[in-house]
Each structure stands twice: as C-alpha cells, then as structure tokens.
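# how would this look folded up:
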Amino acid sequence: MRYFVIGDDGQKYGPADVATLNSWITEGRLLPTQQLEDEASGMRLAAGAVQGLNFPVQSAAEQAAATQPGPASNPYAGGQPYQQGYPRASFGDDGSEDVKKAWIYAVLGFFCCLFLHIPALIFAGKAESKGNPKAKGPKIFSIVVLVIQILWMGFNIMNIINHPPGSNFPR
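Residues are numbered from 1 along each chain as shown. Next up, the predicted model:
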C-alpha cells in the first residue's frame, strides 16, 4: 500500500510505500501523529495507526512534546515538494546567517556606500526564501535607506547643476 503524507498546510506529499515511510521515520521526517492518506481509498489516518510502520518507542514526555504545535512537531514546515511530492527539509539552515549578513551590509550601506544595499537585499531574499521571518527587517531597512540616499544624491546633483561652484549663490 502507498500513502500520501498530509502536511500541516493541507498539501499532500507522496505517495510513498511503507518501506519509504519507515526510512522517513528513521530520518525524523515522519511522526506517529502525522496524517496519512491511503492512495487507493483516500481514507485518512494517523501514521501511528498504519500497520508496518516502525516508530521508536517514546517516553510519555517525548510523546507530549511531539504532539505540541510548532516546528518540532512538523518536520515538513517550510519543506518543498520533491519530484514525487516528497518534501525536502532544509536541516540546520533556516536563513539566520543570511539575515545576519543582510543586516551587516544594510548598516554598512547606511554609513558608507549605497551599493552595499544590493548584497543586503540579496541575502535578505535568500533568508526569506528559506522561511526566516526576520528577513523582512533588513530588506525594508535597505529599501528605505536606499531610496533616501538616491533622493539625497539627486538633490545634491541638482543643486550643483543649478548653482555651479564659483557662482554668486549664497551658501
């Protein structure tokens, strides 16, 4: 028998046979509380109720933690479907390093050079694509500062054009 894994977003991943599901269990990608849908009948049931799936025995505390909402109870959070619908989890890379780099470039761009906002926006975009909610801060900051710097530069250029050095314009 083959089953679809139902993500918290309602999206179906799979189908996968019992052997594949067991490998996902050993990788920590499938929990007993996760919903599965039988490919043939469309019937949904908890993965822990499917015969042939070998979940490790957990203590009561571990079972309680697995049923709590949050990233630990959903290994599919932020995952993208694979060719057959299998979600690839990005283990360990949540985009936090990209957020740090984005802030560094954004602040340097504020004090130094407006061209440093380009890598800030690139790193913020990478972090955002990895699902990091903190990526919006450096992105918005860079855009606002970049617009202000461009306007200020344009104002100064227009001032120089309209009042070239050596003219009798009071300063």
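# So in terms of bridging, what pairs with Tyr3?
Ala16, Asp38 (DSSP bridges).
# so what's the backbone phi/psi at the residue positioned nearest the centre of the chain?
For the chain, the residue nearest the mean C-alpha position is Gly131 (1.3 Å; CA atoms, centre = their mean). For Gly131, the backbone dihedrals (degrees, to the nearest 10) come out as phi 90, psi 20.
# Ile6 now?
Phi and psi for Ile6, reported as degrees, to the nearest 10, are phi -100, psi 120.
# can you pull the contacts of it?
Counting by CB atoms under 8 Å, 6 or more residues apart in numbering, Ile6 makes contact with 12-13, 34-37, 44. Placement of C-beta: from N, CA and C, glycine included.
# Spell out which residues make up each domain of the chain.
2-88, 96-162 (automatic domain parsing).
# Dump those into CSV; add mean pLDDT as well.
Below are the domains of the chain laid out as CSV (pLDDT from 0 to 100):
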stretch, mean pLDDT
domain 2-88, 70
domain 96-162, 88
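# Deepest in the core, which of those domains is it.
Of all those, domain 96-162 carries the top mean neighbour count, a mean of 16, counting by mean count of other CB atoms under 10 Å.
# First residue to last residue on that one, what's the distance there?
With CA to CA, to the nearest Å as the measure, domain 96-162 spans 47 Å from end to end.
# That one: how far from the chain's middle?
Relative to the chain's own centre, domain 96-162 is displaced by 20 Å; criterion: CA atoms, centre = their mean, to the nearest Å.
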